[in-house]
Each structure stands twice: as C-alpha cells, then as structure tokens.
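Participant: Structure for the following, please:
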Amino acid sequence: MTEQLSMDERPAAPEVSEEEQAFALLYSHLSDLLIDAPINSKLLFLEHKSSFTSVYFMENGSLFLRFSSRKKERYIEIPDRYVDLFPSVSFRTFKSVPGMALIPVSGFADVLDYVPQLRAMLDAMSRQFKDFGCCGHYLECSDAKACVHSDPRFALSCCYFYNLRDGKIFYGKNRNI
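Facilitator: Residues are numbered from 1 along each chain as shown. Model (predicted):
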C-alpha cells in the first residue's frame, strides 16, 4: 500500500525572496559573459542585509548591484561610476547612499529591463582582473574556441580568454587572426 500525503502534510517548500527570484532571472542572462559554463557561485553571489540585498562579483569582490526598498519604493542600485552605461535611465541619488545611483522599479524582476546595460557593466568589471596574456593551455583553448581551464577565476585573469570570447583565435587549427 502506498502512503499518500495531503497538501497539508507535505513539507513546505523553502520560501524564496523577491530578490533571490530576480537574481536567478538576471543570472541566466549574464552567465555566458564569464565562462561558457554557468557562473560559479563564487563569481556572482547574493548577500542579504537588513534593508537591501547586494549582488557581488568575485569572492570578496566588487559590488555589482543592490536590490533595496526605501519608503515603500523599490530600487536597483548600481555603483555611480557605471551610470554612463545607462544613457536613457533616470537615476535617483540619496545622500544616505553615497556612490550609488538608484533606478526606481515596480518590482525587482524589472532588473531584466536593464540586461544589456548590466551585461556591459559586468563585462567592464570582469576586464579589471586581467593579469597575464595566456597560460600553457593556449593551444587547447584555441582548438576548443574557449578557455579550458577548470578554475573560472583563473580564466578571468587571462587576456586570451577575452579574445576567445570575442571570436579572436591566434593559435591552433581554428586560428583566424
């Protein structure tokens, strides 16, 4: 005899916040920027605070954006050094939030309205980490047309990673430059 559970007896699904739902939606639109595989959780992650939720890029890294609520209004906050990437957006600023530009939104899922700008922002942030030209896997990477290194943080430090991502292949059977 099979035991059946009623709706009341089933374990409750863990509640997912609106910020986490918006992050999951955004994550699916950004993952291809960093590596061909999905973004490692240590490369783009959430951190909850009392009045906002931050999205950070890289371990102990740069603030990418924040989801915040102030006086019944919701905002997506970005570091103000990236406002030029959002030419048609009307930002708000608050003295209590220095260095941040706030985009008023009706819900955090509205972050998807800004995917092209956020992609450009993440691309600009990721290019800050370039430390070397290429590693010993350059022929394998060229033949695969993508970085083959197992550590995505290592890949982000490689200049050749960005060339491959942009379709510029300097070595091997797929050479096009």
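
Participant: and the chain, what are its domains?
Facilitator: Using automatic domain parsing, the domain ranges for the chain come out as 18-129, 130-177.

Participant: need the helices for this structure, in chain order.
Facilitator: Taking DSSP state H as the criterion, the chain contains helices spanning 18-30, 115-126, 138-144, 152-156, 159-165.

Participant: burial of L156, as a residue count?
Facilitator: L156 has 23 neighbouring residues, counting by other Cβ atoms under 10 Å. (C-beta placed from N, C-alpha, C; glycine too.)

Participant: Of all the helices of the chain, which one comes closest to S50?
Facilitator: helix 18-30 (12.7 Å; Cβ to Cβ).

Participant: The closest one packs against which elements?
Facilitator: Here helix 18-30 touches strand 44-48, strand 52-57, strand 62-70, helix 115-126, going by 3 or more Cβ pairs under 8 Å, 6 or more residues apart in numbering; DSSP states H and E.

Participant: So which bits of that helix are buried?
Facilitator: E19, E20, A22, F23, L26, Y27, L30 (16 or more other Cβ atoms under 10 Å).

Participant: remind me which residues of the protein are low pLDDT?
Facilitator: 1-14, 32-42, 58-61, 127-130, 153 (pLDDT under 70).

Participant: Mind doing that once more with 50?
Facilitator: 1-7, 36-41, 60 (pLDDT under 50).

Participant: Surely A22 touches D113?
Facilitator: No: A22 is beyond contact range of D113, at 11.2 Å (criterion: Cβ atoms under 8 Å).

Participant: ok, back up a step: got the buried residues of helix 18-30 as CSV, with distance to R165 columns?
Facilitator: Converted to CSV, the buried residues of helix 18-30 look like this (distance: Cβ to Cβ, whole Å):
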residue, distance to R165
E19, 29
E20, 28
A22, 26
F23, 23
L26, 19
Y27, 18
L30, 13
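
Participant: now, which of these sits nearest L164?
Facilitator: Nearest to L164 among these, with distances taken as Cβ to Cβ, is L30, at 18.1 Å.

Participant: ok, that closest one - contacts?
Facilitator: Taking Cβ atoms under 8 Å, 6 or more residues apart in numbering, we find L30 in contact with I39, L44, V115, L118, R119, L122.
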